[in-house]
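Trainee: What would the 3D arrangement of this be:
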Amino acid sequence: MDTLIIESSSKTPKVIFDAETGELLIEGRSIPENSLEFYIPLMEWLEVYSNEVNTDTVVQMKLEYFNTSSSKCILDFFRKLEAISKRGNKVTVNWYFEEDDEDMMEAGEDYNAIVGLDFELVEQKEA
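Mentor: Presented below is the predicted three-dimensional model:
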């Protein structure tokens, strides 16, 4: 299975999904004009991955900011991961936020409360 790599732009995050290592990274800003259009390839990749999972999955969510339409796509992404987890595969989500960014911290807490995944909230010093 090929690694999915999408370079970041001013409105979309960098994405690196590596099936071999089980490392999934989403990093940057998620404010695309059409969130569904951006997230569909991620969901399609995850669907194929879900049928071939052979390792623990670690998701690195390093978002600086995301808009409302992205939040729904992110929830759908977590729901797909939740389905993988329910089939007996270990899935861990590391949700990164800067130390004074209460909105991103609370977003991570909200997702943690909604989906049944192993969530780690990781506070980072501002760069």
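Trainee: which other helices and strands contact the helix ranked longest in the chain?
Mentor: Taking DSSP state H as the assignment, the helix of the chain that covers the most residues is helix 68-86. The helices and strands touching helix 68-86, judged by 3 or more Cβ pairs under 8 Å, 6 or more residues apart in numbering; DSSP states H and E, are helix 35-50, strand 57-66, strand 91-98, helix 102-114. Bear in mind the C-beta positions are built from the backbone N, C-alpha and C, glycine included.
Trainee: need the contact list for the closest residue to residue 79 other than its chain neighbours.
Mentor: Leaving aside its sequence neighbours, residue 79 sits nearest to residue 115 (Cβ to Cβ, 6 or more residues apart in numbering; 6.4 Å). Residue 115 sits next to 75, 78, 79, 81, 82 when contact means Cβ atoms under 8 Å, 6 or more residues apart in numbering.
Trainee: Give me the buried entries from those residues.
Mentor: Using 16 or more other Cβ atoms under 10 Å as the burial test, these include 78, 81 as buried.
Trainee: could the contacts of residue 115 be laid out in CSV, adding distance to residue 6 and pLDDT?
Mentor: Below are the contacts of residue 115 laid out as CSV (distance: Cβ to Cβ, whole Å; pLDDT from 0 to 100):
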residue, distance to residue 6, pLDDT
75, 19, 97
78, 18, 97
79, 21, 97
81, 18, 96
82, 23, 96
